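Engineer: Structure, please.
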Amino acid sequence: QVQLVESGGRLVQAGDSLRLSCVASGYSIRRYAVAWFRQAPGKEREFVAVINRSDITSYSNSVKGRFTISRNNAENTVFLRMNSLEPEDTAVYYCAADSRIITSSLRNHQQYDHWGQGTQVTVSS
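Structural biologist: Predicted coordinates:
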């Protein structure tokens with residue numbers, strides 16, 4: 001059974017950094033595209049970053065240059081390093097994984113089969 005567990009979210013101040021972790025179990029994460037999405041209260045779930053099966057990464061414009069997604073296959077974990085955090089980054093962050101997703105769908109949350117429970121990131125001004 002495929003499971004994803006996020007951690008690392010907490011309350012920080014604007015300008016701080018955080019690293020979120022997404023630990024996979026039940027499968028080898030190297031075979032999956034893994035993405036981070038976020039959802040703020042009253043807003044739609046939003047794409048943040050993705051690392052595909054070839055370890056090619058992509059970011060939303062709002063986080064490009066500040067966030068970095070990476071994968072550690074030995075730990076079966078995907079990380080999201082977040083620098084220069086802004087109050088607008090406040091949201092629940094979810095990781096999602098899929099083994100069959102095509103490149104054109106990597107930013108579409110509806111195309112992912114496996115999800116974690118989310119971790120709250122709150123950035124105070």
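
Engineer: Just the buried residues of whichever helix or strand residue 12 is part of, please?
Structural biologist: Residue 12 is located in strand 11-13, with elements delineated by DSSP states H and E. Going by neighbour count (16 or more other CB atoms under 10 Å), the buried part of strand 11-13 is residue 12. Quick note: C-beta positions are derived from backbone N, CA and C, even for glycine.

Engineer: May I have the following helix or strand past that strand as PDB, with CA atoms only?
Structural biologist: Downstream of strand 11-13, the next assigned helix or strand under DSSP H and E is strand 18-25. Below are the C-alpha coordinates for strand 18-25, written out as PDB (Å, rounded to 0.1, in the frame of the first residue of the first chain):
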ATOM      1  CA  LEU A  18      11.900  25.600   6.200                       C
ATOM      2  CA  ARG A  19      12.400  22.200   4.800                       C
ATOM      3  CA  LEU A  20       9.400  19.900   4.300                       C
ATOM      4  CA  SER A  21       9.800  16.200   4.000                       C
ATOM      5  CA  CYS A  22       7.600  13.700   2.200                       C
ATOM      6  CA  VAL A  23       8.400  10.100   3.200                       C
ATOM      7  CA  ALA A  24       7.100   7.300   1.100                       C
ATOM      8  CA  SER A  25       6.400   3.800   2.100                       C
END
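
Engineer: what comes up buried for the helix or strand following strand 18-25?
Structural biologist: Sequence-wise, the next helix or strand downstream of strand 18-25 (DSSP H and E) is strand 33-39. Using 16+ other CB under 10 Å as the test for burial, strand 33-39 gives 33, 34, 35, 36, 37, 38.

Engineer: Mind jotting down where the strands sit in this structure?
Structural biologist: 3-7, 11-13, 18-25, 33-39, 46-51, 57-59, 67-72, 77-82, 91-98, 114-115, 119-124 (DSSP state E).

Engineer: Could you identify which of those strands is most buried?
Structural biologist: strand 33-39 (a mean of 24; mean count of other CB atoms under 10 Å).

Engineer: What distance do you get for residue 111 to residue 50?
Structural biologist: 11 Å (CB to CB, to the nearest Å).

Engineer: for residue 90, same thing?
Structural biologist: Distance from residue 90 to residue 50, by CB to CB: 21 Å.
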